[in-house]
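Novice: Give me a model of this one.
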Amino acid sequence: MMYVHLIEVAIWSGIAALGFGILFNIPKSTIVTVFVLGFLAGLIKFSLIKLEVHIVLATLIAVLFVAVVSMPTAHKIHHPPVVFCIPPVIPMIPGYFAYETVLSVMNFIFIEKDPAKKLLLIDSIFSNGFTMFFILISIAIGISLPMLVLRKSTVKKLDN
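Specialist: Below you'll find the model as predicted:
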């Protein structure tokens with residue numbers, strides 16, 4: 001049952017990547033590749049999370065995979081790497097943690113008066129906020145590091 005759930009989540013990741021790709025007007029010849037990269041990124045991330053790897057590290061590994069695979073793929077299909085790299089990564093943006101952070105801040109400021117509950121809200125603000133921040137940092141590092149290391153001239157050497 002766990003494998004079915006992982007495949008389902010990976011399919012939804014691929015669909016989300018495809019949706020963002022279409023939103024950003026990617027070429028028609030890249031649609032299948034963007035879906036597959038989104039699917040594989042979701043499969044990697046959620047498989048690692050099921051194996052109890054922290055979400056920040058799981059996100060970093062999945063984004064690194066997408067970025068590394070995007071470089072030679074972009075060269076073979078003759079499109080910029082950004083076309084293959086960005087849409088599969090956008091669904092990994094930590095909206096849940098951002099929502100929980102803002103909700104905790106709003107409850108802390110406007111609703112809660114009990115000091116004990118305010119301490120719990122402070123804990124929620126910091127834990128969700130830092131998790132969100134580090135996921136965003138891991139996405140930025142995961143995309144930019146392979147792009148800097150595997151420049152166009154290096155990727156062309158992979159063809160030989």
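Novice: where in this structure is pLDDT low?
Specialist: In the predicted model, the chain carries pLDDT under 70 at residues 151-160.
Novice: Longest helix in it, please.
Specialist: Taking DSSP state H as the assignment, the helix of the chain that covers the most residues is helix 115-149.
Novice: Now it: buried residues?
Specialist: Of the residues in helix 115-149, those scored as buried under the neighbour-count criterion (16 or more other C-beta atoms under 10 Å) are 121, 124-125, 128-129, 131-132, 134-136, 138-139, 142-143, 146-147. Using the backbone N, CA and C atoms, a C-beta is placed for each residue, glycine as well.
Novice: packing partners for it?
Specialist: helix 55-77, helix 81-89, helix 95-106 (3 or more C-beta pairs under 8 Å, 6 or more residues apart in numbering; DSSP states H and E).
Novice: In three-state terms, how would Leu6 be classified?
Specialist: Of the three states, Leu6 takes helix under DSSP: H, G, I helix; E, B strand; the rest coil.
Novice: measure it to Ser29 for me?
Specialist: Distance from Leu6 to Ser29, counting by C-beta to C-beta, to the nearest Å: 29 Å.
Novice: Equivalent analysis for Ile7, please.
Specialist: Ile7 is 26 Å from Ser29, by C-beta to C-beta.
Novice: One more: Phe108?
Specialist: Separation of Phe108 from Ser29 (C-beta to C-beta) stands at 50 Å.
Novice: Tell me which of the two has more neighbours.
Specialist: In terms of neighbours (other C-beta atoms under 10 Å), Phe108 is the more surrounded of Phe108 and Ser29; the figures are 17 against 11.
Novice: ok, the nearest residue to the more buried one once chain neighbours are set aside - contacts?
Specialist: Setting aside the residues directly before and after it, Phe108 is nearest to Leu121 in space (C-beta to C-beta, 6 or more residues apart in numbering), at 4.3 Å. With contacts taken as C-beta atoms under 8 Å, 6 or more residues apart in numbering, Leu121 has the following neighbours: 104, 107-108, 112.
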